[in-house]
Structure formats: C-alpha cells, structure tokens
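Asks: my questions concern the predicted model and sequence given below.
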Amino acid sequence: MAATSSLARFGLFLDGEEQFVGADRETEVLDPATNTPIARVARATAEDARHAMEVAERAFHNAGWADDDGTQRARALRALARELAANAEAFARLETLNMGKPIREARVDIGYVVRTLEYVSGLADKIEGATIPVPGPRFDYTVREPLGVTVHIAPWNYPLLLAMRSVAPALAAGNTVVLKPATWTPLTAIALARLSQKAGLHAGVLNVVPGDGRTVGEALVADPRCRSVSFTGSGPVGARIAEIAGRRSIPMTLELGGKSPAIVFPDADLERAARGIVYGIFGNAGQMCWAASRLFVHSSVREPLLEKVAALARALRLGPGVDEGTEMGPLVTREHLATVLGYVEAARADGGKVMVGGTRPTAPALAPGNYLLPTVVVDPPPESKAVREEIFGPVLAVFEFTDPDEAVRRANDTRYGLFASVWTRDLATAHGVARRLEAGMVAVNEAPITFPQTPFGGVKESGLGVEQGRFVVESYTRIKNVTIHLGGSKKRSG
Ligand code: NAD
C-alpha cells in the first residue's frame with residue numbers, strides 16, 4: 001500500500017489544467033518488464049468525456065485558436081516542439097517504462113514527435129483557398145475552415161507518436177482536440193498536455209481523457225460536438241467507430257492493422273535485407289501495425305538469408321527497455337503475451353517449423369516480465385490463423401517462391417494492405433513489384449521507413465484515409481465555397 005501511494009499520479013487534462021480524481025477512480029499502470037505498478041492514472045467516465053467535448057467546443061469558439069492567423073498556431077506548435085525536445089530524455093524514459101520498448105527506440109519516437117510538430121507548424125500558415133472562374137458578374141472563392149472539435153483515439157504501441165501524428169495537424173488547422181490515449185499507456189500524452197500550456201496553447205485547445213476504450217472512446221465519438229475522428233488501432237474497434245461516426249456523417253481516418261510482406265529477390269543485398277527484416281519484425285517486439293510479419297524469399301537465396309536472419313534474431317539482447325543495451329523489450333501486457341504465444345502454438349500445430357524462439361526466455365531475471373523470444377516459423381500453411389491474422393508480436397513467418405508473379409500474388413493474398421518491402425538491386429523489379437503490391441506504402445531496400453512528410457495509410461482492411469504528408473493539415477479542414485454576385489445589369493448566366 002505504501003508503495004502504491006508513492007506512485008506518480010496522472011489526471012485528466014481539461015481546460016488547461018490537470019484534474020485529479022479519487023483513488024477509487026484511478027487505474028494503476030504497470031511496467032511491462034516487471035509487472036509492477038509505475039503510476040496511477042485517472043480513469044475518465046463517459047460524463048468526463050462529454051465534459052471534455054464541452055470544454056473543447058467552448059475553446060473552439062472563444063479561445064481564439066481557430067481565429068488566430070496560422071502564424072500564431074505555427075509559433076505555438078514550434079514552441080511545443082522545443083519544449084518536448086528539451087525534455088526528450090524524460091519523455092523517452094516515461095514511454096519505455098510504460099510501454100516496455102527499448103529506450104533507444106523510445107528516443108527515436110520522441111524525436112519523431114518533435115519533427116512532426118515542426119513539420120505541421122510549417123503548414124499551419126499555408127492553409128489556402130482558391131478563386132474559381134464562374135459565369136456572369138460573380139466572384140467565387142473557397143476558404144478552408146477548421147472542423148471544430150476533433151477526437152483522436154490512440155493505440156499503445158507508439159503511445160505519443162501515434163497520438164500526435166493526428167493531433168498535431170488537427171491543431172495546426174485550428175481545431176480543438178480531445179485525445180483518448182490507450183488505456184495501458186496514457187502517461188506521455190498527459191505529460192505532453194502539461195507542456196502544452198507552457199508552449200502557449202490556449203486552455204481547452206488540447207484535452208486528454210485517459211480511460212477505457214468502450215466507455216470513453218464511444219462517448220467521445222458519439223458526442224454531437226465531435227466533428228472528426230482519427231482512430232489508430234485494431235480493425236474491430238475501427239469498424240465500431242466507423243459505425244458510430246457514420247450515423248452522423250463524421251469524417252474519419254482509420255489506421256488499422258497489417259500483415260506486411262517482405263519479398264526478397266535473388267539479386268538482393270542479403271546482409272542488408274536480413275537486417276531490415278529483423279528490425280521490421282522484432283523492432284518494438286513486433287508490436288507494429290506495419291511489422292514485416294510475412295517473409296517471401298526466392299528459393300535460390302533462402303538458405304543464406306535464413307541463416308543470417310536466424311543469427312541476428314538469436315543475438316538480440318532481451319531485457320527491460322530502460323537498460324541501454326536492450327534490443328528487444330517485453331510485450332506490453334501479460335494478456336498480450338498469452339495471445340501471441342497462442343499464435344505461435346497455432347502455427348506449430350498447423351505444421352509450421354519453429355526455427356528460432358517460439359517460447360519465453362529461460363533467464364530468471366526475465367521471468368517477471370512479458371518476454372517472448374524472437375520467433376521465426378518456416379513454412380506455416382497459408383490458411384493457418386498465424387498467417388491470416390495480425391499477431392502483433394515478434395513472430396516471423398517464412399515462405400519460399402520461385403516465380404516473382406507468384407510472390408506478388410501471395411503477398412497480396414491477405415485482407416490487409418498497409419506496408420510492403422521489396423529487396424532487389426534491379427530497378428525494373430523494384431518499380432514493377434512496387435506498382436503491383438496492394439499496400440498503402442512500399443519500401444525498397446529499407447524497411448520499415450516513414451517520415452512526417454510522407455503519407456502513411458493502408459488499403460483494404462488496413463484503413464481509410466492517410467496521415468502525414470503535406471496535405472495532412474488540410475485534411476483537418478473543410479472547404480467552404482463563397483459566390484458573390486457583383487451586381488450590375490448584365491444578364492445572369494449559368
Ligand atoms: P485497440 O483497437 O484495442 O485500441 C485502440 C484504441 O481504441 C485504444 O485507445 C482503446 O482504448 C480504444 N478503444 C477500444 N475500444 C473502443 C471502442 N469501442 N470505442 C472507441 N475506442 C475504443 O488497438 P490496440 O490494441 O491499442 O493497438 C493495436 C492495433 O492497432 C493493431 O491492430 C495495430 O495494427 C493497430 N495499429 C495501426 C497503426 C496504423 O497506423 N495503421 C499503428 C499502430 C497500431
């Protein structure tokens with residue numbers, strides 16, 4: 001009990017202030033490396049969610065954020081980027097403690113959020129309309145207006161990065177925001193909201209309501225003041241959100257799951273491909289929407305590539321994310337570890353050969369955490385659920401091909417279409433295969449890779465709409481058309 005009461009507390013962040021609740025309404029969040037509590041976080045109710053929407057709407061109309069010219073918003077977002085950069089190490093440690101990822105990955109994530117803020121700040125004062133020639137004595141123009149209150153629902157695998165990927169452009173466009181971070185990983189989002197006041201964001205412009213998805217998330221999306229939803233998470237929850245938002249024709253962005261293929265051709269730089277594939281599936285312990293979870297390798301280079309992949313996978317240092325030397329951390333929760341182990345068992349039972357890993361590590365020091373060895377399964381049958389479904393853990397399935405057309409066909413044989421990588425030195429192969437892959441993003445000879453300035457989004461069941469890129473700020477605006485009759489006696493036409 002004494003340990004519990006000394007835990008750091010995190011509240012709701014509403015109207016420029018952190019609001020704490022009674023202990024009976026707090027959730028303990030755990031360190032995935034030890035399963036011990038690290039903080040107590042307010043658990044918002046549906047009523048809190050509605051209150052957050054009210055606060056955000058009031059701020060939209062009164063705080064001046066939307067009416068400020070974009071230059072003011074750009075300045076505030078740049079100031080927020082600077083504040084975050086100045087506190088980057090503390091944020092990275094908090095992210096690692098809460099989510100489990102290696103500190104070196106958390107540092108990259110926080111740097112990415114800083115760059116995202118800088119990038120969208122550069123777009124905040126470039127939101128422009130058009131003049132349109134129309135018949136008769138008329139003048140026609142368009143303006144882009146912010147939508148109002150935008151709702152953002154984030155997952156736990158890149159807690160701050162994926163929250164801010166949509167929050168930052170929505171703010172740049174002049175909207176006010178209500179963010180619901182994932183239930184298990186809300187700490188950095190609340191910490192950033194604290195910084196936002198120092199950076200000069202007006203009270204009520206950025207609000208954070210941690211809590212249960214069904215209770216808080218649905219209350220936010222169903223609220224009549226909600227003008228858009230940006231959701232990153234699983235397919236079933238995305239479908240539920242689409243159903244609620246669809247009832248009121250609310251625009252939405254859905255960034256959902258994946259089952260990304262990596263295709264290695266005989267002329268590939270195998271050393272480079274092996275490193276990319278290992279990072280692509282064991283980075284963040286495989287808890288990545290775009291994880292390269294299916295490897296298709298040409299039969300002529302199968303043996304040497306698999307040898308390299310297996311050696312790199314076996315050499316990965318597992319441990320608590322906070323240790324500098326750790327290369328792969330624990331999975332986010334015990335429950336998630338059990339789910340991932342279930343997929344490994346399914347692959348094995350269906351006839352796949354577990355070449356590397358497949359079990360929890362035996363080192364006693366790792367026993368309290370949610371660790372799983374990097375796992376490589378060779379030739380699981382294509383109909384196995386371990387091949388059809390997103391595992392969201394460090395499990396690579398390997399298949400062999402001889403005909404490039406067959407490789408593309410099998411790579412596309414999934415309900416997902418988020419990301420794909422192609423490994424070849426041949427330009428025609430690179431362009432030709434990239435064109436035929438059903439994926440929102442394709443990378444050649446490097447993976448996974450994305451930047452704030454490049455679009456991120458999936459096709460098929462991987463999602464709807466895109467985040468990032470130069471049009472992202474505009475995507476949080478709507479176009480209004482204004483036609484002015486200029487008078488005079490000229491006969492109207494058109
Ligand atoms: P999840 O769908 O369980 O939860 C995502 C968020 O939705 C959380 O904040 C959760 O609390 C909330 N939520 C849950 N039920 C809700 C409901 N009924 N209404 C409203 N909100 C609700 O996903 P997760 O387990 O946090 O994340 C893993 C999933 O996210 C994977 O499928 C992964 O592929 C996907 N993902 C996609 C991307 C992308 O950019 N495409 C990025 C990261 C993760």
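Replies: Looks like it arrived, so ask away. Residues are numbered from 1 along each chain as shown.

Asks: helix or strand: which one has the spatially most central residue of the chain?
Replies: Residue closest to the mean C-alpha point of the chain, counted by Cα atoms, centre = their mean, is L162 at 3.6 Å. For L162, the host element (DSSP states H and E) is helix 159-172.

Asks: any chance you could list what contacts the helix or strand just after that helix?
Replies: On the C-terminal side of helix 159-172, the nearest following helix or strand under DSSP H and E is strand 176-180. By Cβ atoms under 8 Å, 6 or more residues apart in numbering, the list of residues contacting strand 176-180 from outside reads 44, 49, 52-53, 56-57, 59-60, 63, 65-66, 148-154, 163, 167, 170-171, 189, 193, 204-211, 213, 216-217, 220. For the C-beta atoms, the positions are set from N, CA and C on the backbone; glycine is no exception.

Asks: wait, the residue nearest to the centre of the chain touches I153, no?
Replies: No: L162 sits out of contact with I153 when judged by Cβ atoms under 8 Å, with a separation of 9.9 Å.

Asks: shared neighbours, the two?
Replies: Common neighbours of L162 and I153, using Cβ under 8 Å, 6+ apart, are T232.

Asks: count of neighbours near P169?
Replies: Number of residues near P169 (other Cβ atoms under 10 Å) recorded here: 30.

Asks: return the set of buried residues in stretch 335-349.
Replies: By 16 or more other Cβ atoms under 10 Å, the buried positions in stretch 335-349 come out as 336-337, 340-341, 343-344, 346-348.

Asks: which two in those residues are spaced the farthest apart?
Replies: Farthest pair in the buried residues of stretch 335-349 (Cβ to Cβ) is H336 and R348. Separation: 19.1 Å.

Asks: so what's E218 up against?
Replies: Contacts of E218 were listed using Cβ under 8 Å, 6+ apart, and they are 46, 240, 244.

Asks: run the last query once more with 7 Å
Replies: Residues in contact with E218, defined by Cβ atoms under 7 Å, 6 or more residues apart in numbering, are I244.

Asks: starting at the chain centroid, how far to the strand or helix carrying it?
Replies: Secondary structure assignment for E218, by DSSP H and E: helix 218-222. When C-alpha coordinates are averaged (Cα atoms, centre = their mean, to the nearest Å), helix 218-222 and its chain have centres 20 Å apart.

Asks: do any residues in it lie close to the ligand?
Replies: Yes: against the ligand, helix 218-222 shows contacts by Cβ under 6 Å from any ligand atom at E218.

Asks: of the buried residues of stretch 335-349, closest to the ligand?
Replies: Closest approach to the ligand among these (Cβ to the nearest ligand atom): H336, at 7.9 Å.

Asks: the helix or strand harbouring that closest one near the ligand anywhere?
Replies: Using DSSP H and E, H336 sits in helix 334-349. No: against the ligand, helix 334-349 shows no contacts by Cβ under 6 Å from any ligand atom, the least distance being 7.9 Å.

Asks: quick one: that helix to chain centroid distance?
Replies: 23 Å.

Asks: identify the residues contacting that helix?
Replies: 35, 331, 354, 358, 370, 372, 375, 377, 380, 384-386, 391, 393, 395, 397.

Asks: now, the residues you listed that are in strands?
Replies: Using DSSP state E, 354, 375, 377, 395, 397 are the members of the contacts of helix 334-349 that sit in strands.

Asks: hmm, which two among the residues you listed are most spread apart?
Replies: Within these, V354 and A397 form the most distant pair, 10.7 Å apart (Cβ to Cβ).

Asks: overlap of the contact sets of those two?
Replies: V377.

Asks: so for the two, which sits in the more crowded spot?
Replies: Between V354 and A397, counted using other Cβ under 10 Å, the more crowded position is A397 (25 against 18).

Asks: measure the more buried one to T116 for me?
Replies: From A397 across to T116, the span is 32 Å (Cβ to Cβ, to the nearest Å).

Asks: E400 too?
Replies: Relative to T116, E400 is positioned 39 Å away (criterion: Cβ to Cβ).

Asks: and the two? which has more neighbours close in?
Replies: T116 (26 against 16).

Asks: contact partners for that one?
Replies: Residues in contact with T116, defined by Cβ under 7 Å, 6+ apart, are 164-165, 168, 452.

Asks: go again with 10 Å.
Replies: T116 is in contact with 77, 81, 84, 161, 164-169, 451-453, 467-468, 472, counting by Cβ atoms under 10 Å, 6 or more residues apart in numbering.

Asks: what helix or strand is it on?
Replies: Short version, using DSSP H and E: T116 is in helix 103-121.

Asks: which residues of the stretch 301-450 of the chain fall in helices?
Replies: Ranges of helices in the stretch 301-450 of the chain, per DSSP state H, counting those that start in this stretch, are 302-315, 334-349, 385-388, 404-412, 427-436.

Asks: residues near the residue of the stretch 1-150 of the chain found nearest the ligand, how many?
Replies: Ranked by Cβ to the nearest ligand atom, the top residue of the stretch 1-150 of the chain for proximity to the ligand is A49, at 10.1 Å. As a burial measure, A49 scores 27 neighbours (other Cβ under 10 Å).

Asks: and it, what's its pLDDT?
Replies: In this model, A49 is scored at 98, pLDDT.

Asks: now do the same contact list for it.
Replies: Neighbours of A49 in contact, by Cβ under 10 Å, 6+ apart: 12, 151, 178, 180, 207, 209, 211, 215-223, 226.

Asks: now the strands for the stretch 151-300 of the chain?
Replies: 176-180, 206-208, 226-232, 252-255, 261-264, 294-298 (DSSP state E, counting those that start in this stretch).

Asks: among those strands, which is nearest R40?
Replies: strand 206-208 (15.5 Å).

Asks: and the closest one, how far out from the chain's middle?
Replies: Its chain's average C-alpha position is 18 Å from that of strand 206-208, according to Cα atoms, centre = their mean.

Asks: and that strand, what's buried?
Replies: Under the neighbour-count criterion of 16+ other Cβ under 10 Å, strand 206-208 has 206-208 buried.

Asks: redo the helices of the stretch 301-450 of the chain as CSV? Include distance to E128 and mean pLDDT.
Replies: Formatted as CSV, the helices of the stretch 301-450 of the chain follow (distance: least, Cβ to Cβ, whole Å; pLDDT from 0 to 100):
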stretch, distance to E128, mean pLDDT
helix 302-315, 48, 98
helix 334-349, 45, 98
helix 385-388, 45, 98
helix 404-412, 38, 98
helix 427-436, 32, 98
